[in-house]
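**Q** quick check, what structure comes out for this input:
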Amino acid sequence: MLSHCANPQCSQPFMQLRQGKLFMVETESLTESGNVAPPATSSKIRLRPRRVERYWLCPQCAQILTLAHDHQSGIALVPLVRPVARADAPKFRSRESA
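**A** Numbering: from 1, shown residues only. This is a model prediction of the structure:
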């Protein structure tokens, strides 16, 4: 169950779905022995139970971070990359100001 922001440096409590960003990550199923289940064939994909983990980033953290899933290391916080405006890029004017 979600209780707080996925950023360990943030203590923002989870209150509402419409605030911040919710992530649902399908992880590999474990066998009864605790090992990762082998990949299913295409005919058995729908029959294999899926494990879904939910993570939430508060509005402040969601502006600068996102979550990435790696099969080896699990969930990781990743800084958002925002395009930087170039000084030599053409500037577009609105029709009203023309």
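
**Q** what's the following helix or strand after the worst-scoring helix or strand of the chain on mean pLDDT?
**A** The helix or strand of the chain with the poorest confidence is strand 21-27; it has a mean of 87 (mean pLDDT, DSSP states H and E). Downstream of strand 21-27, the first helix or strand assigned by DSSP states H and E is strand 51-57.

**Q** which strands and helices sit next to that following strand?
**A** For strand 51-57, the packing partners by 3 or more CB pairs under 8 Å, 6 or more residues apart in numbering; DSSP states H and E come out as strand 21-27, strand 65-70. For every residue, glycine as well, the C-beta is placed using N, CA and C.

**Q** now these in CSV, with distance to residue 2 and mean neighbour count?
**A** Below are these laid out as CSV (distance: least, CB to CB, whole Å; neighbours: other CB atoms under 10 Å):
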stretch, distance to residue 2, mean neighbour count
strand 21-27, 8, 13
strand 65-70, 13, 14
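
**Q** for residue 10, which of the ones you listed is the nearest?
**A** Ranking the helices and strands packed on strand 51-57 by their distance to residue 10 (criterion: CB to CB) puts strand 65-70 first, at 9.3 Å.

**Q** who's in contact with the residue nearest to residue 51 when sequence neighbours are not counted?
**A** Nearest non-adjacent residue to residue 51, counting by CB to CB, 6 or more residues apart in numbering: residue 27, 4.8 Å away. Going by CB atoms under 8 Å, 6 or more residues apart in numbering, residue 27 touches 51, 52, 53, 69.

**Q** just checking, the first one touches residue 25?
**A** No: under the criterion of CB atoms under 8 Å, residue 51 lies out of contact with residue 25, with a separation of 9.1 Å.

**Q** hmm, back to that, out of the contacts of residue 27, who's the most crowded?
**A** Neighbour counts for those were taken using other CB atoms under 10 Å; the highest belongs to residue 69, with 14 neighbours.

**Q** that one and residue 75 touch, don't they?
**A** Yes: under the criterion of CB under 8 Å, residue 69 makes contact with residue 75 at 5.7 Å.

**Q** lovely, talk soon.
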